[in-house]
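Peer 1: predicted model, plus sequence, below.
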Amino acid sequence: AQSVTQPDIHITVSEGASLELRCNYSYGATPYLFWYVQSPGQGLQLLLKYFSGDTLVQGIKGFEAEFKRSQSSFNLRKPSVHWSDAAEYFCAVTPGSQGNLIFGKGTKLSVKP
Amino acid sequence: SQTIHQWPATLVQPVGSPLSLECTVEGTSNPNLYWYRQAAGRGLQLLFYSVGIGQISSEVPQNLSASRPQDRQFILSSKKLLLSDSGFYLCAWSVLGRNTIYFGEGSWLTVV
């Protein structure tokens, strides 16, 4: 069965510092991969997605993610974090049959001034 | 452009009372529709999805049901709420045949 692991439950970074959120998936083939962000009390906003092609994908708000097949990973990065990036981040995969997403447990990001 | 609306945003209901959460999508036809629940500490769980009017698939047996009376309308219901039904409910949609899912703003349900 497909699964997604986000090993970090909570990360705190200083404003202006770089960020990397980890995501590992378990799936027999190459899945479709997503990162979503959720601000407190709100729905999920799509940051970026990977279906095929260039393994480094650019998203909104200055985020990027890199797909590494050998490591079954799809880590999210941002070179300089802003206070407004404080939120919860979810990695998700889908095998593509119905588009049903399987989510990781999420990583909560706190930003220190 | 496509938009998704979900209501009510917040709901406090007593145990044993009924539930109806509604979701509509605008700007697209024949979307796939989804209901997810986000309970504290448990991540996001797919409850139901629908590929067309009257076609509902349930992912998890539970106290809830879903209906799709119109192409772009998806309703989550319960006849008698349980305390364990409390959580954040998210409606979502995707284009038929595509793999990107877009979420509504969610509905907070507290069962007391």
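Peer 2: Arrived safely, thanks for sending.

Peer 1: for A:N24, name its beta-bridge partners.
Peer 2: With DSSP bridges as the criterion, A:N24 is bridged to A:T5, A:S73.

Peer 1: surely it touches A:S70?
Peer 2: No - using CB atoms under 8 Å, A:N24 is not in contact with A:S70; the gap is 11.8 Å. Every C-beta, even on glycine, is put in place using the N, C-alpha and C of the backbone.

Peer 1: which one of those two is surrounded by more residues?
Peer 2: Taking neighbours as other CB atoms under 10 Å in any protein chain shown, A:N24 and A:S70 compare with A:N24 leading, 17 against 5.

Peer 1: low-confidence ranges in the chain?
Peer 2: All of this is about chain A. Counting by pLDDT under 70, chain A shows low-confidence ranges at A:96-99.

Peer 1: switch to chain B, please.
Peer 2: Checking chain B against pLDDT under 70 turns up B:41-42, B:61.

Peer 1: could you redo the last one with a cut-off of 80?
Peer 2: B:40-42, B:60-61, B:96-99 (pLDDT under 80).

Peer 1: show me what from it comes close to chain A.
Peer 2: With the criterion set to CB under 8 Å from any CB of the partner chain, chain B comes near chain A through B:6, B:32, B:34, B:42-44, B:46, B:49, B:51, B:57, B:59, B:90, B:92, B:94, B:98-106, B:108.

Peer 1: let's see that with 6 Å instead.
Peer 2: Proximity of chain B to chain A, by CB under 6 Å from any CB of the partner chain, involves residues B:32, B:43-44, B:46, B:90, B:94, B:99-101, B:103-106.

Peer 1: can you add secondary structure and distance to B:Q13 and give those back as CSV?
Peer 2: Below are the residues of chain B next to chain A laid out as CSV (DSSP: H, G, I helix; E, B strand; the rest coil; distance: CB to CB, whole Å):
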residue, secondary structure, distance to B:Q13
B:N32, strand, 28
B:G43, coil, 23
B:L44, strand, 22
B:L46, strand, 22
B:L90, strand, 18
B:S94, strand, 29
B:N99, coil, 34
B:T100, coil, 33
B:I101, coil, 27
B:F103, strand, 23
B:G104, coil, 19
B:E105, coil, 19
B:G106, coil, 16
